[in-house]
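1. pasting the sequence and the predicted model now:
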Amino acid sequence: MARGHLGYWALTTQNQKGRTAASVARLLLISLLPLVVAACTTTSSDSPIAVTMPETVAVAPQPVAAAPVVEPLPEPEVQTAKSEYEVMYGAVNDGGNQIAALDLSKIAERNLRKQVNYKTSHPVGTIIVDPYARYLYLVQPGGKAMRYSVGVGRAGLTFSGEAKVAYKAQWPRWTPTQNMIKRNPDHYAKYAKGLEGGIRNPLGARALYLYRDGKDTLYRIHGTNEPWSVGKAASSGCIRLFNQDILDLHKRVSSGSRVVVLDKSQSRAQSSEGES
(Lines give C-alpha, C1' and ligand atoms only; values in the text may rest on other atoms or scores of the structure.)
Protein backbone atom coordinates (compact mmCIF):
# COMPACT_ATOMS: atom_id res chain seq x y z
CA MET A 1 0.00 0.00 0.00
CA ALA A 2 2.78 2.34 0.80
CA ARG A 3 4.65 1.62 -2.46
CA GLY A 4 1.49 2.36 -4.43
CA HIS A 5 0.99 5.63 -2.75
CA LEU A 6 4.51 6.69 -3.49
CA GLY A 7 4.17 5.80 -7.13
CA TYR A 8 1.03 7.82 -7.52
CA TRP A 9 2.77 10.82 -5.94
CA ALA A 10 5.72 10.59 -8.25
CA LEU A 11 3.53 10.37 -11.30
CA THR A 12 1.45 13.29 -10.15
CA THR A 13 4.50 15.39 -9.52
CA GLN A 14 5.90 14.60 -12.95
CA ASN A 15 2.67 15.59 -14.64
CA GLN A 16 2.54 18.85 -12.73
CA LYS A 17 6.08 19.67 -13.83
CA GLY A 18 5.15 18.98 -17.42
CA ARG A 19 2.13 21.24 -17.21
CA THR A 20 4.20 23.96 -15.60
CA ALA A 21 6.82 23.86 -18.40
CA ALA A 22 4.12 23.99 -21.02
CA SER A 23 2.56 27.00 -19.33
CA VAL A 24 5.86 28.81 -19.24
CA ALA A 25 6.43 28.13 -22.92
CA ARG A 26 2.98 29.47 -23.78
CA LEU A 27 3.57 32.63 -21.80
CA LEU A 28 6.93 33.20 -23.50
CA LEU A 29 5.40 32.74 -26.95
CA ILE A 30 2.62 35.14 -26.16
CA SER A 31 5.06 37.77 -24.94
CA LEU A 32 7.17 37.52 -28.11
CA LEU A 33 4.30 37.55 -30.58
CA PRO A 34 3.98 41.38 -30.79
CA LEU A 35 7.66 41.65 -31.62
CA VAL A 36 7.39 39.12 -34.40
CA VAL A 37 4.38 40.88 -35.82
CA ALA A 38 6.15 44.25 -35.55
CA ALA A 39 9.17 42.92 -37.38
CA CYS A 40 7.03 41.85 -40.31
CA THR A 41 4.92 45.03 -40.51
CA THR A 42 6.16 48.50 -41.70
CA THR A 43 4.30 51.47 -40.33
CA SER A 44 4.86 55.19 -40.93
CA SER A 45 3.29 58.21 -39.50
CA ASP A 46 4.42 60.41 -42.47
CA SER A 47 2.05 61.31 -45.26
CA PRO A 48 2.89 60.06 -48.77
CA ILE A 49 5.35 62.40 -50.63
CA ALA A 50 3.85 64.09 -53.63
CA VAL A 51 6.23 64.23 -56.63
CA THR A 52 5.80 67.35 -58.80
CA MET A 53 7.25 67.28 -62.33
CA PRO A 54 8.99 70.54 -63.43
CA GLU A 55 7.08 72.66 -65.87
CA THR A 56 8.52 72.92 -69.40
CA VAL A 57 9.78 76.45 -69.97
CA ALA A 58 9.90 77.70 -73.56
CA VAL A 59 13.39 79.00 -74.36
CA ALA A 60 13.75 81.49 -77.18
CA PRO A 61 16.35 80.33 -79.75
CA GLN A 62 19.64 82.13 -79.31
CA PRO A 63 21.37 83.54 -82.41
CA VAL A 64 24.28 81.42 -83.53
CA ALA A 65 27.53 83.33 -83.16
CA ALA A 66 29.33 83.90 -86.44
CA ALA A 67 32.50 81.94 -86.92
CA PRO A 68 35.52 84.05 -85.93
CA VAL A 69 37.38 85.56 -88.85
CA VAL A 70 41.01 84.52 -88.71
CA GLU A 71 43.25 87.04 -90.38
CA PRO A 72 46.08 85.32 -92.27
CA LEU A 73 49.51 86.01 -90.88
CA PRO A 74 51.62 88.22 -93.12
CA GLU A 75 54.10 86.35 -95.22
CA PRO A 76 57.58 86.66 -93.74
CA GLU A 77 59.92 88.77 -95.78
CA VAL A 78 62.30 86.58 -97.68
CA GLN A 79 65.77 87.99 -97.89
CA THR A 80 66.88 87.15 -101.36
CA ALA A 81 70.51 86.21 -101.42
CA LYS A 82 72.61 88.64 -103.37
CA SER A 83 74.04 87.33 -106.58
CA GLU A 84 77.77 86.78 -106.95
CA TYR A 85 78.04 89.92 -109.06
CA GLU A 86 76.04 92.05 -106.61
CA VAL A 87 78.55 91.13 -103.93
CA MET A 88 81.49 91.56 -106.29
CA TYR A 89 80.43 95.02 -107.42
CA GLY A 90 78.74 96.29 -104.27
CA ALA A 91 79.59 99.51 -102.44
CA VAL A 92 83.01 99.62 -100.80
CA ASN A 93 84.37 101.93 -98.13
CA ASP A 94 88.11 101.98 -98.74
CA GLY A 95 90.16 104.11 -96.41
CA GLY A 96 87.29 106.56 -95.97
CA ASN A 97 86.64 106.77 -99.71
CA GLN A 98 83.16 105.48 -100.52
CA ILE A 99 83.11 103.57 -103.81
CA ALA A 100 79.55 103.36 -105.10
CA ALA A 101 77.99 100.06 -106.09
CA LEU A 102 77.78 99.52 -109.83
CA ASP A 103 74.40 99.48 -111.53
CA LEU A 104 74.62 96.01 -113.04
CA SER A 105 71.54 96.57 -115.18
CA LYS A 106 73.64 98.96 -117.28
CA ILE A 107 76.67 96.71 -117.66
CA ALA A 108 76.93 93.86 -120.15
CA GLU A 109 77.71 90.55 -118.46
CA ARG A 110 80.74 90.08 -120.71
CA ASN A 111 82.28 93.10 -118.97
CA LEU A 112 82.06 91.58 -115.49
CA ARG A 113 84.96 89.87 -113.76
CA LYS A 114 85.09 86.16 -114.44
CA GLN A 115 87.43 83.20 -114.29
CA VAL A 116 87.81 81.70 -117.78
CA ASN A 117 89.70 78.97 -119.56
CA TYR A 118 92.81 80.56 -121.00
CA LYS A 119 95.46 79.00 -123.20
CA THR A 120 98.87 80.63 -122.94
CA SER A 121 102.56 79.85 -122.71
CA HIS A 122 103.09 82.61 -120.13
CA PRO A 123 103.64 81.51 -116.52
CA VAL A 124 101.12 81.79 -113.70
CA GLY A 125 100.98 85.32 -112.26
CA THR A 126 101.56 87.07 -115.60
CA ILE A 127 99.29 89.99 -116.43
CA ILE A 128 98.27 89.92 -120.10
CA VAL A 129 96.63 93.04 -121.49
CA ASP A 130 94.70 92.68 -124.74
CA PRO A 131 93.73 96.31 -125.49
CA TYR A 132 92.03 95.39 -128.77
CA ALA A 133 89.74 92.85 -127.14
CA ARG A 134 89.45 95.22 -124.13
CA TYR A 135 90.31 92.56 -121.61
CA LEU A 136 93.05 92.05 -119.04
CA TYR A 137 93.92 88.50 -117.94
CA LEU A 138 95.74 87.36 -114.82
CA VAL A 139 97.12 83.89 -115.59
CA GLN A 140 96.14 81.28 -112.98
CA PRO A 141 96.98 77.59 -112.50
CA GLY A 142 95.23 74.84 -114.40
CA GLY A 143 94.80 76.63 -117.71
CA LYS A 144 92.65 79.35 -116.13
CA ALA A 145 92.80 83.13 -115.96
CA MET A 146 90.90 85.83 -114.13
CA ARG A 147 89.45 88.12 -116.78
CA TYR A 148 88.76 91.81 -116.23
CA SER A 149 87.08 94.18 -118.65
CA VAL A 150 89.08 97.33 -119.43
CA GLY A 151 88.57 100.70 -121.00
CA VAL A 152 91.38 101.66 -123.38
CA GLY A 153 92.54 105.23 -123.78
CA ARG A 154 94.62 106.56 -126.63
CA ALA A 155 97.82 106.03 -124.66
CA GLY A 156 96.78 102.43 -124.13
CA LEU A 157 97.44 101.68 -127.79
CA THR A 158 100.90 103.27 -127.89
CA PHE A 159 102.69 100.57 -125.93
CA SER A 160 103.11 96.83 -126.47
CA GLY A 161 105.54 94.18 -125.34
CA GLU A 162 106.76 93.27 -121.88
CA ALA A 163 107.18 95.31 -118.72
CA LYS A 164 107.12 94.84 -114.97
CA VAL A 165 105.02 96.32 -112.20
CA ALA A 166 107.57 98.68 -110.65
CA TYR A 167 105.28 99.67 -107.81
CA LYS A 168 101.64 99.87 -106.77
CA ALA A 169 99.78 102.86 -105.36
CA GLN A 170 96.59 103.26 -103.35
CA TRP A 171 94.42 106.23 -104.29
CA PRO A 172 97.25 107.64 -106.43
CA ARG A 173 97.88 111.27 -107.21
CA TRP A 174 97.16 112.23 -110.81
CA THR A 175 98.59 114.92 -113.09
CA PRO A 176 97.24 115.44 -116.63
CA THR A 177 99.73 115.35 -119.50
CA GLN A 178 100.54 118.45 -121.54
CA ASN A 179 98.69 116.95 -124.50
CA MET A 180 95.57 116.49 -122.38
CA ILE A 181 95.74 120.11 -121.22
CA LYS A 182 96.19 121.36 -124.80
CA ARG A 183 93.34 119.21 -126.07
CA ASN A 184 90.88 120.23 -123.37
CA PRO A 185 92.22 123.18 -121.34
CA ASP A 186 88.84 124.02 -119.81
CA HIS A 187 88.73 120.63 -118.16
CA TYR A 188 92.38 119.79 -117.43
CA ALA A 189 94.24 123.10 -116.93
CA LYS A 190 93.00 123.45 -113.35
CA TYR A 191 94.71 120.15 -112.50
CA ALA A 192 98.08 121.08 -114.04
CA LYS A 193 99.74 120.86 -110.63
CA GLY A 194 98.13 117.53 -109.88
CA LEU A 195 95.10 116.15 -108.05
CA GLU A 196 95.29 114.24 -104.81
CA GLY A 197 93.91 110.73 -104.71
CA GLY A 198 90.21 110.28 -104.03
CA ILE A 199 86.86 109.48 -105.60
CA ARG A 200 87.19 112.39 -108.07
CA ASN A 201 90.65 111.29 -109.23
CA PRO A 202 90.68 109.76 -112.76
CA LEU A 203 93.13 107.04 -111.67
CA GLY A 204 90.60 105.66 -109.25
CA ALA A 205 91.32 103.51 -106.21
CA ARG A 206 94.60 101.84 -107.27
CA ALA A 207 97.29 102.05 -109.95
CA LEU A 208 100.04 99.75 -111.22
CA TYR A 209 103.05 101.59 -112.67
CA LEU A 210 104.85 99.75 -115.46
CA TYR A 211 108.59 100.03 -116.09
CA ARG A 212 110.76 98.50 -118.77
CA ASP A 213 114.51 98.18 -118.29
CA GLY A 214 114.25 100.35 -115.21
CA LYS A 215 112.51 103.21 -117.02
CA ASP A 216 108.96 104.44 -116.65
CA THR A 217 106.89 103.48 -119.68
CA LEU A 218 104.20 106.02 -118.66
CA TYR A 219 101.83 103.06 -119.04
CA ARG A 220 99.39 102.62 -116.17
CA ILE A 221 96.82 100.04 -115.19
CA HIS A 222 94.39 101.83 -112.89
CA GLY A 223 90.86 102.36 -111.67
CA THR A 224 88.47 105.06 -112.84
CA ASN A 225 85.92 107.58 -111.67
CA GLU A 226 83.99 106.96 -114.91
CA PRO A 227 82.78 103.34 -114.66
CA TRP A 228 80.62 103.71 -117.77
CA SER A 229 83.81 103.99 -119.85
CA VAL A 230 85.02 100.46 -118.98
CA GLY A 231 84.76 98.11 -121.94
CA LYS A 232 84.96 101.01 -124.38
CA ALA A 233 87.52 103.16 -126.14
CA ALA A 234 88.43 106.37 -124.31
CA SER A 235 89.98 109.61 -125.50
CA SER A 236 92.72 109.60 -122.87
CA GLY A 237 94.44 107.47 -120.28
CA CYS A 238 95.90 103.97 -120.48
CA ILE A 239 94.11 100.88 -119.18
CA ARG A 240 91.25 101.50 -116.76
CA LEU A 241 89.24 99.00 -114.73
CA PHE A 242 86.20 99.29 -112.49
CA ASN A 243 87.36 100.39 -109.05
CA GLN A 244 86.09 97.10 -107.60
CA ASP A 245 88.18 95.22 -110.18
CA ILE A 246 91.39 97.18 -109.68
CA LEU A 247 91.04 96.55 -105.94
CA ASP A 248 90.85 92.84 -106.66
CA LEU A 249 93.76 92.84 -109.13
CA HIS A 250 95.88 94.99 -106.80
CA LYS A 251 95.55 92.34 -104.06
CA ARG A 252 96.48 89.48 -106.40
CA VAL A 253 99.70 90.89 -107.86
CA SER A 254 102.89 92.20 -106.35
CA SER A 255 105.65 94.56 -107.36
CA GLY A 256 107.85 92.85 -109.92
CA SER A 257 104.96 91.00 -111.56
CA ARG A 258 105.40 90.44 -115.28
CA VAL A 259 103.13 92.27 -117.70
CA VAL A 260 102.61 91.50 -121.40
CA VAL A 261 100.73 94.02 -123.54
CA LEU A 262 99.58 92.47 -126.82
CA ASP A 263 99.69 94.29 -130.12
CA LYS A 264 96.93 93.99 -132.67
CA SER A 265 98.40 90.91 -134.33
CA GLN A 266 98.57 89.15 -130.96
CA SER A 267 95.03 89.98 -129.92
CA ARG A 268 92.97 86.93 -129.04
CA ALA A 269 90.99 87.43 -132.21
CA GLN A 270 94.17 86.93 -134.26
CA SER A 271 96.13 84.43 -132.15
CA SER A 272 95.90 80.78 -131.13
CA GLU A 273 96.44 81.95 -127.57
CA GLY A 274 93.64 83.33 -125.45
CA GLU A 275 90.24 82.19 -124.22
CA SER A 276 89.00 78.79 -125.31
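-> Happy to help now that I have it. Numbers count the residues shown, from 1 in each chain.

2. element containing A169?
-> strand 161-170 (DSSP states H and E).

3. for that strand, which strands pair with it and how are they oriented?
-> strand 206-212 (antiparallel), strand 258-261 (antiparallel) (DSSP bridges).

4. can you redo these as CSV with mean neighbour count and distance to R240?
-> Where C-beta positions appear, they are placed from N, C-alpha and C, glycine not excepted. Formatted as CSV, these follow (neighbours: other Cβ atoms under 10 Å; distance: least, Cβ to Cβ, whole Å):
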stretch, mean neighbour count, distance to R240
strand 206-212, 21, 10
strand 258-261, 20, 14
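
5. make CSV out of those strands and add distance to G161 and mean pLDDT.
-> Below are these laid out as CSV (distance: least, Cβ to Cβ, whole Å; pLDDT from 0 to 100):
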stretch, distance to G161, mean pLDDT
strand 206-212, 7, 98
strand 258-261, 6, 97
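
6. out of the ones you listed, nearest to L249?
-> Closest to L249 of those, according to Cβ to Cβ: strand 206-212, at 7.7 Å.

7. tell me the mean pLDDT for the following helix or strand past that closest one?
-> Per DSSP H and E, the first helix or strand lying C-terminal to strand 206-212 is strand 215-222. Mean pLDDT, computed over strand 215-222, is 94.

8. show me what secondary structure element comes after strand 215-222.
-> For strand 215-222, the following helix or strand on the C-terminal side (DSSP H and E) is strand 239-240.

9. dump the residue contacts of N93.
-> N93 makes contact with I99, according to Cβ atoms under 8 Å, 6 or more residues apart in numbering.

10. just T175 next, same as before
-> 191-195.

11. any quick PyMOL command for the buried ones out of the residues you listed?
-> Those of the contacts of T175 that count as buried under 16 or more other Cβ atoms under 10 Å are selected in PyMOL with:
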select buried, resi 191+195
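
12. max pairwise distance over the contacts of T175: which two?
-> A192 and L195 (9.8 Å).
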